[in-house]
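Asker: Take a look and give me a structure for this.
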Amino acid sequence: MSTRDCLACDEYNRLSRRGFLQLSAATLAALGAPSWLPRVAMAGPGGEDSTRDVFVYIYLRGGADGLTLCVPYGDPAYATARNLTRILAPDGTISTAQALSNSNFFGLPPALAPLTQVYEDGKLAIVHACGWIVPSPSRSHFDAQRWMELGQFNPANLFTGWIGRHLADTGAVVPGTPLRGIGVANGLQQSLVGGPACLPIPGLALSNSPNFNLHGAGGTVAARRASLATMYNATSDPLRTEAAIAQSTIDLLAAIPFSGYVPAGGAVYPTTSLGFSMKSTAAIIKNNMGVEAVAIDRSGWDTHSNQGVNPGGGMYTVMQDLANSLFAFYVDVVQNYTRNVVVIVQSEFGRRVQENASGGCDHGYGNCMFLMGNRIAGRQVLSHGADGQPGWPGLGPGQLFQNLDLKVTIDFRDILAEVCANLLNNTSPGDLFPGYTATFRGVTAP
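Answerer: Down below sits the predicted model:
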């Protein structure tokens with residue numbers, strides 16, 4: 001069964017189809033005009049700061065099922081609620097949940113088996129029963145994604161993304177760099193909007209050798225570049241500066257030997273969009289061009305029917321792609337590069353605890369997050385009970401949110417704020433999530 005056999009809801013399909021047009025607003029804004037739209041800006045002043053981690057943000061669009069991504073097999077209500085979508089408790093074989101040596105409650109599904117090594121190495125942490133702690137969460141893909149990337153629940157007047165605000169609050173690691181944030185998408189992801197020197201670069205997800213230059217006949221590229229430079233130099237700012245940034249960015253990216261890039265440690269990236277994205281990200285990070293944040297989307301998680309958690313199934317396939325891409329990046333960059341990198345994997349919401357009659361799971365609430373890096377306090381599945389203390393909120397009768405979903409007992413903003421403060425040297429984490437005071441949960445290490 002292919003990923004297309006996992007039938008998504010109409011809203012998700014509409015959102016995917018209009019994604020290019022919607023996200024392209026950020027790109028159009030970079031061309032200057034309405035002041036309230038996001039724009040690309042030159043990096044602000046600041047000394048080189050190699051103590052910060054580079055941040056890679058992978059967004060699982062569609063509402064990934066956190067009860068499959070990290071299986072609470074120790075909760076007896078899990079087996080009661082799940083039949084076709086259940087991952088069996090560990091028995092030492094690859095066809096059941098992969099045991100975590102310090103847990104007799106949580107395990108990883110077979111498709112994520114490569115990440116077991118990362119977990120046991122102490123470089124992977126999982127935060128469960130995580131999401132918005134709000135009275136009435138949205139189960140709309142569009143709202144949940146947008147609000148999460150903005151960093152405020154149902155904001156009245158907020159247009160910049162939380163990563164964009166983080167970059168705006170911090171000086172550039174490499175002073176004067178024309179490119180601090182990259183969105184691997186057709187248009188800039190909402191999370192990066194408002195950040196200085198942030199651009200969408202869809203080509204990174206398309207092949208092993210993305211080509212960065214003007215389209216058209218190769219023999220006239222230099223002449224056309226010169227004409228464009230002359231044309232925009234004659235205009236006023238902000239258009240003149242934006243054109244200069246675009247030219248400089250093309251030159252920076254064109255200088256990276258993507259096609260000849262050899263991953264370290266024998267790492268092998270899958271030949272998928274996510275695999276190409278992660279491999280290209282590794283090449284950019286190792287080129288030390290000043291990029292501080294990369295946002296990458298991986299869709300295919302809206303599993304209303306035929307969820308397919310076993311080999312050949314739809315969700316199995318996308319999980320396997322995620323695991324293989326993350327593991328290759330772990331070997332290539334986390335283990336074999338001098339600069340620290342932190343990877344966060346997140347989705348807009350989880351799925352209902354009770355599977356439906358079509359072998360799928362409908363929109364839910366509580367979910368899980370993955371954090372990977374050398375300065376992550378790994379080898380833990382962090383979760384809290386309904387009382388806010390370490391534990392598990394439970395999946396049984398009387399324990400579910402609205403009698404349907406896994407409760408959220410850890411707000412995702414706590415996790416992101418801690419990463420930004422402790423790993424990205426942000427001294428104003430309160431700016432990232434307006435109106436919210438974060439509680440650090442111990443997911444980072446010195």
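Asker: and the gap between residue 131 and residue 244?
Answerer: Distance, residue 131 to residue 244, by CB to CB, to the nearest Å: 42 Å. C-beta coordinates here come from the backbone N, C-alpha and C atoms, glycine included.
Asker: can you check residue 360 too?
Answerer: Counting by CB to CB, the separation of residue 360 from residue 244 is 50 Å.
Asker: So for these two, which sits in the more crowded spot?
Answerer: When neighbours are counted by other CB atoms under 10 Å, residue 360 and residue 244 differ, and residue 360 comes out ahead with 25 against 16.
Asker: and the residue nearest to the more buried one when sequence neighbours are not counted, bridged to which residues?
Answerer: With CB to CB, 6 or more residues apart in numbering as the criterion, residue 360 has its nearest non-adjacent residue at 4.0 Å, and that residue is residue 305. Counting by DSSP bridges, residue 305 forms beta bridges with residue 7.
Asker: Please name the residues that touch residue 62.
Answerer: Applying CB atoms under 8 Å, 6 or more residues apart in numbering to residue 62 gives the contacts 8, 12, 141, 299, 300, 301, 302, 303, 347, 348.
Asker: The third one contacts residue 11, doesn't it?
Answerer: Yes. The pair residue 141 and residue 11 passes the contact test of CB atoms under 8 Å, sitting 5.4 Å apart.
Asker: Neighbour count for those two, which is higher?
Answerer: Remark: of residue 141 and residue 11, residue 141 carries more neighbours, 24 against 15, as counted by other CB under 10 Å.
Asker: What segments of the stretch 301-446 of the chain are helices?
Answerer: For the stretch 301-446 of the chain, applying DSSP state H, counting those that start in this stretch gives helices covering 314-329, 412-422.
Asker: Low-confidence stretches in the stretch 101-250 of the chain?
Answerer: Applying pLDDT under 70 to the stretch 101-250 of the chain flags residues 213-215, 221, 241-242, 245.
Asker: thinking again about what came up before, export the helices of the stretch 301-446 of the chain as CSV, with columns for mean pLDDT, distance to residue 255 and mean neighbour count.
Answerer: Below are those laid out as CSV (pLDDT from 0 to 100; distance: least, CB to CB, whole Å; neighbours: other CB atoms under 10 Å):
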stretch, mean pLDDT, distance to residue 255, mean neighbour count
helix 314-329, 98, 22, 24
helix 412-422, 98, 30, 23
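Asker: Show me the one of those helices that comes nearest residue 191.
Answerer: For the helices of the stretch 301-446 of the chain, the distance to residue 191 is smallest for helix 412-422, at 9.9 Å, taking CB to CB.
Asker: Quick check: which helices or strands does the closest one pack against?
Answerer: strand 124-131, strand 341-347, strand 367-373 (3 or more CB pairs under 8 Å, 6 or more residues apart in numbering; DSSP states H and E).
Asker: And the first one, what does it pack against?
Answerer: So that's strand 124-131. Helices and strands touching strand 124-131, by 3+ CB pairs under 8 Å, 6+ apart, are helix 114-120, strand 367-373, strand 380-382, strand 410-411, helix 412-422.
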